[in-house]
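> I'd like to go over a predicted model; first the sequence, then the structure.
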Amino acid sequence: MARLAEAARTGDWCSIYSNAVNDRGWFLQQCEDAATFLYYHSPLAIPSLVHSEAYYRMIRGTTAVSFDGDIDWDDGLEFRMERRERWIESGREALLLIGEAALTMDLGPDRDLILADLKQVSALPFADVRIMPLALGRYDLQPWSLNLFEYDSEQPPVVNVESPRGGGFVDANTSQGTFFTGAFKLASAKSITAEEFFK
């Protein structure tokens with residue numbers, strides 16, 4: 001509580017608060033559901049918001065190392081499908097940057113189903129699905145997967161980051177947050193549309 005109060009005074013509340021309440025992605029869901037504009041970047045995977053059942057089955061079928069404790073895969077699938085449906089029903093705009101490697105690696109026997117679903121998502125009028133070509137080489141955002149949420153209210157944008165050095169929530173107005181928002185804009189400018197990629 002003392003750390004939360006200190007973080008609130010400095011305006012750097014995101015990581016402290018989320019670590020206290022982020023049970024099974026609860027804090028992430030709240031940030032996501034309240035956002036008016038959604039941004040995602042993932043260099044090696046299809047972002048979890050737009051996982052299809054086929055893609056989730058592929059993840060389950062290729063996960064060879066056990067987690068500590070029991071993983072309820074059926075519950076995980078239900079969570080993802082409900083989250084995706086809430087977004088589609090809301091019609092909120094989303095920009096999704098996906099590394100080419102995520103789509104050209106071996107996706108198993110359901111590859112065609114997985115790519116067909118992604119094409120359906122990219123055809124939604126409020127979804128802007130873009131691909132980061134391998135030929136692009138290195139770009140600033142490449143080592144990170146992130147979700148960036150913007151709001152119509154006075155609530156500051158929030159960045160949820162996963163990196164080789166750790167992960168968590170960052171206030172987009174901090175120096176770290178400014179790096180990620182700036183890097184996202186530069187990366188999206190270098191991306192190509194899903195329509196171009198799937199030609």
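In hand now; what should we look at?

> got the end-to-end distance for stretch 133-151?
30 Å (Cα to Cα, to the nearest Å).

> Check which residues of that stretch are buried.
For stretch 133-151, the neighbour count (16 or more other Cβ atoms under 10 Å) marks Y139, L141, W144, S145, L146, N147, L148, F149, E150 as buried. Every residue, glycine included, has its C-beta placed from N, CA and C.

> Then stretch 81-93?
R83, R84, W87, I88, R92, E93.

> Out of those, which sit inside helices?
R83, R84, W87, I88 (DSSP state H).

> a markdown table for those residues, including distance to M58 and pLDDT?
Below are those laid out as a markdown table (distance: Cβ to Cβ, whole Å; pLDDT from 0 to 100):
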| residue | distance to M58 | pLDDT |
| --- | --- | --- |
| R83 | 18 | 93 |
| R84 | 16 | 96 |
| W87 | 21 | 97 |
| I88 | 21 | 97 |
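
> Out of those residues, which is nearest to F179?
W87 (26.2 Å; Cβ to Cβ).

> Find the residue closest to the closest one in space, skipping its chain neighbours.
L49 (6.1 Å; Cβ to Cβ, 6 or more residues apart in numbering).

> what do you get for M58?
G108 is the one closest to M58 (Cβ to Cβ, 6+ apart), at 4.8 Å.

> That neighbour reaches T62, doesn't it?
Yes. Assessed by Cβ atoms under 8 Å, G108 is found in contact with T62 at 7.1 Å.

> Please identify which of the two sits among more neighbours.
G108 (15 against 10; other Cβ atoms under 10 Å).

> Quick check: what element follows the least confident helix or strand in the chain by mean pLDDT along the chain?
Lowest mean confidence among the helices and strands of the chain (mean pLDDT, DSSP states H and E): helix 14-21, at a mean of 51. Going down the chain from helix 14-21, the next helix or strand is helix 26-34, by DSSP states H and E.

> This structure: helices as residue ranges?
Under DSSP H, the chain gives helices at 2-10, 14-21, 26-34, 53-62, 73-90, 100-104, 111-122, 175-190, 194-197.

> of the ones you listed, which approaches N160 most closely?
helix 26-34 (6.0 Å).

> elements contacting the closest one?
helix 14-21, helix 73-90, strand 145-150, strand 158-163 (3 or more Cβ pairs under 8 Å, 6 or more residues apart in numbering; DSSP states H and E).

> Including distance to T104, could the ones you listed go into a markdown table?
A markdown table is the format used below for the helices and strands packed on helix 26-34 (distance: least, Cβ to Cβ, whole Å):
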| stretch | distance to T104 |
| --- | --- |
| helix 14-21 | 33 |
| helix 73-90 | 23 |
| strand 145-150 | 18 |
| strand 158-163 | 21 |
